[in-house]
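Novice: this is a predicted model, with the sequence first.
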Amino acid sequence: MSQQSPFDCLLLAPANASPSQSSATLGEVSDALTVNFAMTKAAINHFEKTSTAGRLVSLVPGDAAMGDPTSLIHSAIAGGMLSLFRTVALELRKTSMTANTIMYAPSKDPVSAKEEMIDAHGITVLINALLSVDSHGINGQEIYSLGGADVGRLHP
Amino acid sequence: MSAHNILLASSCVDMERSLSEALRKFDIDLQVVHPDFLQSSHCIGSDAEESLV
């Protein structure tokens, strides 16, 4: 990460496991969470050294965040990321840095089988808002951008 | 020089593509880092998965 150009936002988007992937293991969940933790820690160190009001943003598929019984590995990673960012946000509450999670609606096109977001523009609008200098008070939020699909539902 | 620089940690090329296209409308630069663990994850239907073969 030290080889990267200066950055003011770390955007974490763990690769999604296909629900049909039976080969995914708990070890992979552990690997995914460990690397995301390490990258988050490295980014915070970078922001501290460069006196940057850095932003940490986690992108999590909304269905996995709600707990998908057909995709346990996928949901475990999403749950782990939610917990990680809740803790990090608490740790950052007295700094100029923030940590927020955005839940997106993944594409369900079985033909293309691509891992895309249904509303990428809406997600980037939210990211752009979180990058604003004036958004330093927005910390520890879990923003559901599922096109209204989550309205009225309990959240994890 | 862009107003913001985002470091995206993902090896999912579909995600990277859709985000970079959408972020182009804003004054934001996007760099991508590919953590090793993501290469062993299952990014379905993507070049990342093909690169594992």
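Specialist: Yep, it's here.

Novice: now the helices for chain B?
Specialist: B:13-23, B:36-39, B:47-52 (DSSP state H).

Novice: and the nearest residue to residue A:142 once chain neighbours are set aside, what does it touch?
Specialist: Spatial nearest neighbour of residue A:142, chain neighbours left out: residue A:101 (4.7 Å); criterion: C-beta to C-beta, 6 or more residues apart in numbering or on different chains. Heads up, the C-betas are built off the backbone N, CA and C, glycines and all. By C-beta atoms under 8 Å, 6 or more residues apart in numbering or on different chains, the residues touching residue A:101 are A:57, A:58, A:59, A:60, A:81, A:82, A:85, A:141, A:142, A:143.

Novice: surely the fifth one is within a helix?
Specialist: Yes: Residue A:81: assigned to a helix according to DSSP: H, G, I helix; E, B strand; the rest coil.

Novice: what sits against it?
Specialist: Per C-beta under 8 Å, 6+ apart, neighbours of residue A:81: A:12, A:14, A:33, A:36, A:58, A:60, A:101.

Novice: ok, the residues you listed vs residue A:120, which is closest?
Specialist: residue A:60 (14.8 Å; C-beta to C-beta).

Novice: residue ranges with poor pLDDT in chain B?
Specialist: B:1, B:11, B:35-53 (pLDDT under 70).

Novice: again, 50 this time
Specialist: Where chain B drops to pLDDT under 50, the residues are B:37-53.

Novice: can you give me the helices in chain A?
Specialist: Using DSSP H, helices in chain A cover A:26-49, A:62-65, A:72-91, A:120-131.

Novice: can you add distance to residue A:137 and give those helices back as CSV?
Specialist: Output for the helices of chain A, formatted as CSV (distance: least, C-beta to C-beta, whole Å):
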stretch, distance to residue A:137
helix A:26-49, 17
helix A:62-65, 23
helix A:72-91, 12
helix A:120-131, 11
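
Novice: looking at the ones you listed, which is buried most?
Specialist: Per residue and on average, the most neighbours among the helices of chain A fall to helix A:62-65, with a mean of 24 (mean count of other C-beta atoms under 10 Å in any protein chain shown).

Novice: give me the distance from it to the chain's centre.
Specialist: Distance of helix A:62-65 from the chain centroid (C-alpha atoms, centre = their mean, to the nearest Å) equals 11 Å.

Novice: mean confidence for it?
Specialist: Mean pLDDT, computed over helix A:62-65, is 86.

Novice: near chain B, anything from it?
Specialist: No: with C-beta under 8 Å from any C-beta of the partner chain as the measure, helix A:62-65 is seen stopping short of chain B, the closest distance being 13.2 Å.
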